[in-house]
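# mind looking at a prediction? Sequence and model below.
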Amino acid sequence: MNPRLYPLYATVAIFLLACLICYIQFPYMASTRVLGNLLTDNAYLGIAAVGMTIVILSGGIDLSVGSVIAFSGVFIAVLLRDTNLPTPVIFALLLAVTTGFGAAMGGLIHALAMPPFIVTLAGMFLARGAAYMLTIDSVPIDDPFYEMMRAYYLMPGKGRLTLIGVVMLLSFAVGMLIAHRTRFGASVYALGGGQNTARLMGVKVGQTTVGIYAFSGFMAGLSGIVFSVYTGSGYPLATVGTELTAIAAVVIGGTLLTGGSGYVFGTFIGVMTMGLIQTYIVFDGTLSSWWTKIVIGGLLLLFIVLQKGLLRLTTVRFGGSAA
Amino acid sequence: MPPSLRRVMPQVVTLLAVCGLVTVFFPGFLEIHMSDGRLVGPVIDILKRSAPVALLATGMTLVIATRGIDLSVGTVMAICGAVAAWAIAGGMGLGAAVALALGAGLLAGLWNGTLVAVIGIQPIVATLILMTAGRGIAQLITEGRILTFTHPGFAWFGSGTLFGIPVPAVIWIVTGILVAQLMRRTALGLLVEAIGINRRASALAGVNALVLLIAVYMASGLCAALAGIITTADIRGADANNAGLWLELDAILAVVIGGNSLLGGRFSVAASLLGALIIQTIDTGILLAGFPSEYNLVIKAGLVVIILVLQSPRIATEWYFWRRSVTEGPPPVSRAKEEAR
C-alpha cells in the first residue's frame, strides 16, 4: 500500500469516528439540515483552504488569505454602494485584483528568493490596510443579484443545499483536477519535493511560483465573494485569522507542511471535521466555544506527530533522506 | 565607529528619520516635561507603549537566530495574563501571581521547544499548535469572561512609574540589556548563531543543540509572560480573546526591521528593540500627525517590502556585481549571465 495515502486514511477515519460519536450522542445530527448547514457555514473557509492546499503542497505558505477575504467583501460592498456597475462585472474586477495581488506576491517570492512567510505577511498587512482605506465601517450589501445568489435547493428532509455550498464543492473538484491531473499540478508537487530537483527536472520554477500564489489569490477572492453572500455585508475587520484556520484544515487533511505530499480531498475532510466539532459543541449546548480551539489544536498535534512518524518510516524503508 | 554601533546604524538612522518626519507634522513631538513626579510626553508614551512588542521581539530575536520562529507569543501573553489575573483575583498575592505567570510562560516555551528540538517539527507548525489551542486554554482559565481585579501593587507593572519613567519601559529596557549582555558577554550568543547556521554541524562540533533550542524557546515564553503581565496590569483585567492578538506578527516585523535574517544566524537584540521602537513611533506618529490610523497597515506593508528588497540574497549579489562592474569595469560576460538568472 502507498504510504503517502496513510495520512489521508487517518483523516477519513477520524472524520468517520467523529460522525459516529456525534450520531450516537445526538441521533438528530444525521439529517440533511445539519449537512446543508455544515456546507454553507464552512463554504468560505473551504474555498480558501483549496488555494492554501496548493500553496502548502508547493512547500510555501500564504498568510494573506484572511485579509484578502475581508478586502473582497469591502471592495464589493463599496463598489455596489458607490457605482452603478452590474454585480457580475464587480465580481470579475475583484477576482482580477486578487489574482493579480497573488501573482505579485508569487513574483516577489521568486524574484527576491525570500521566504513566502514574510512576503505574504506584507501582503496580509497590505490587503487589510487597503480594506481599511476603503472604509472602516461595516457596509451592508443591498442588491437584487445577491438575493438571487442566496438560492438553495431543498433536499429531502428539509435540508438546504445553498448555492455557496455548491460553489465550495465545485472549488474542491476544480482543485483536485488542477492538483492531480494537470502539468501545473505536477510542477507544484515537484516544487514541494525540492526546488533544486524540480528545476533539474525542467519545472519552470518562477512561472509555477507565480501561478501558485495567483491561484491562491483567486480562491481567496472567490472565498470573499462567498463570505459577502453569507454575511450580506463587507467589513474590514472580518475573517481575522482565517489563514491559520485554513492552514489547520490543510494539516488535519493530511497534507505535509513541508510540501510535496497530500491531497486536496483530504483538505475537504479536514474542513468538514472542523465544522463537525463546532456543530457538536452547538448541539451539546453546555460546552463552551473555546473547546473548539483546544480540540483543533489537539488534532493538529496528532496529525503532525503522525506525519513525523510516517516520514521516519518511509525514510527507513527507502533508505533515502525524505526530509 | 565600533562594529556593534555600525551594526545598528541603519535602524538608528531610520528611527531618527521617522522621529524627524513626525516632528515636522507635529512640532510638540519631542517635548518632555515633569508632571506629578513623572515624565510626560509623546516620546515617553512611545517608550511605554512599545513594551509588549519590544519584549516579544527580544525573545523572538533569539528564536529566529536559531532559524526558528515562535508564532505562539501573542497567545502565551494571553495565557500568562489570564493566570496572573486568576491568581490576583483568587487572593494569592503579588509574588505568587507574578511567579505563576512567569512559570506558565516557561512551560509554554518548554512545550514549543520540546516539539521543535526533540520531535523535530518545523518551528512554524509546532508553535502554530499552541497559537490555536492557547487562546482556548486562556479562556478556560478566565472561564470566558474578562477577569478584572483591583490590586494597586499588580497594576503598578502596567501604569506605575520608577524614577519618573513608566514601569513597562523600565522592564523592557532592563530585559533587553540583560539578554544582550548574557548573549554577548558569554559564548551563548555564538552558540545560538551556530545552531541557526547549521544545527547538525554545530551539534557535531559539540554544541548541545537540543538543550539550547529548548532554552531559547523558554526564553521567548518568559519574555511573552512579561509582556502578558504588563498588558494585564495596564488594563487591570485579563482579556483572553484580545490580549496580544497578532502581536507575534509585529514582533517578527520588529526583528526583521532590526536587520536579522529569518534564515537564522547572526542576530542583534539591540537592533530588534530599535525595530520595535520604529514600529511604535510610526503607530503613534500617524495618530499625532492627524492621519487616519487606516494608513498604518499600508505603511507597515511598504516598510516590509523595502526591507525584503534590501535583505534579499539575490538582490545583494546583483548589487555587489553591479558595484564591482562600476569600479572595475564590466564583469566577465559568463558570470554576469549566471548571476542574472
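Yep, it's here.
# thought A:Ile76 was touching A:Val226?
No: contact criterion Cβ atoms under 8 Å: A:Ile76 and A:Val226 do not qualify, at 11.1 Å. No exception for glycine: its C-beta is placed from N, CA and C like everyone else's.
# need the overlap of contacts for these two.
Shared contacts of A:Ile76 and A:Val226, defined by Cβ atoms under 8 Å, 6 or more residues apart in numbering or on different chains, are absent.
# dump the residue contacts of whichever residue of the stretch 1-150 of chain B sits closest to chain A.
Nearest residue of the stretch 1-150 of chain B to chain A: B:Ala133, at 2.4 Å (Cβ to the nearest Cβ). By Cβ under 8 Å, 6+ apart, the contact list for B:Ala133 reads A:Lys293, A:Ile294, A:Ile296, A:Gly297, A:Gly298, A:Leu300.
# ranges for the strands of the chain?
Just going to use chain A. For chain A, applying DSSP state E gives strands covering A:139-140, A:152-154, A:160-162, A:233-234.
# oops, wrong one, chain B.
B:33-35, B:38-40, B:147-148, B:161-162, B:165-166, B:237-238.
# now those as a markdown table including mean neighbour count, mean pLDDT and distance to chain A?
Below are these laid out as a markdown table (neighbours: other Cβ atoms under 10 Å in any protein chain shown; pLDDT from 0 to 100; distance: least, Cβ to the nearest Cβ, whole Å):
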| stretch | mean neighbour count | mean pLDDT | distance to chain A |
| --- | --- | --- | --- |
| strand B:33-35 | 9 | 79 | 33 |
| strand B:38-40 | 16 | 80 | 30 |
| strand B:147-148 | 18 | 82 | 14 |
| strand B:161-162 | 15 | 83 | 33 |
| strand B:165-166 | 19 | 87 | 28 |
| strand B:237-238 | 24 | 82 | 14 |
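# out of these, which is closest to A:Leu8?
Each of the strands of chain B has some distance to A:Leu8 by Cβ to Cβ; the shortest is strand B:237-238, at 40.7 Å.
# give me the neighbour count for B:Val125.
B:Val125 is flanked by 23 other residues according to other Cβ atoms under 10 Å in any protein chain shown.
# could you find the closest non-adjacent residue to it?
A:Leu257 (5.0 Å; Cβ to Cβ, 6 or more residues apart in numbering or on different chains).
# for B:Ala87, same thing?
B:Ala97 (3.8 Å).
# touching, that neighbour and B:Gly153? I think so.
No: assessed by Cβ under 8 Å, B:Ala97 is found out of contact with B:Gly153, at 9.3 Å.
# for those two, work out which one has more neighbours and name it.
Legend: neighbour count by other Cβ under 10 Å for B:Ala97 and B:Gly153, higher for B:Ala97 (27 against 14).
# now for the residue of the stretch 51-200 of chain A found nearest chain B: which residues touch it?
Chain B sits closest to A:Gly129 of the stretch 51-200 of chain A, with a gap of 3.1 Å, by Cβ to the nearest Cβ. Listed by Cβ under 8 Å, 6+ apart, the contact partners of A:Gly129 are B:Glu294, B:Tyr295, B:Asn296, B:Leu297, B:Val298, B:Ile299, B:Lys300, B:Ala301.
# 6 Å - rerun?
Going by Cβ atoms under 6 Å, 6 or more residues apart in numbering or on different chains, A:Gly129 touches B:Leu297, B:Val298.
# quick check: it vs B:Tyr295, distance?
7 Å (Cβ to Cβ, to the nearest Å).
# picking up where we left off before, from the contacts of B:Ala133, which ones fall inside helices?
A:Lys293, A:Ile294, A:Ile296, A:Gly297, A:Gly298, A:Leu300 (DSSP state H).
# just the buried ones from those residues?
Buried subset of those (neighbour count, 16 or more other Cβ atoms under 10 Å in any protein chain shown): A:Lys293, A:Ile294, A:Ile296, A:Gly297, A:Leu300.
# quick one: contacts for A:Tyr146?
Residues counted as contacts of A:Tyr146 (Cβ under 6 Å, 6+ apart): none.
# gap between it and A:Phe75?
15 Å.
# excluding covalently adjacent residues, which one is nearest to the residue of chain A found nearest chain B?
The minimum distance from chain A to chain B, using Cβ to the nearest Cβ, falls at A:Gly297 (2.4 Å). Excluding the flanking residues, the one nearest A:Gly297 by Cβ to Cβ, 6+ apart is B:Ala133, at 2.4 Å.
# do the same with B:Leu47
B:Ala169 is the one closest to B:Leu47 (Cβ to Cβ, 6+ apart), at 4.0 Å.
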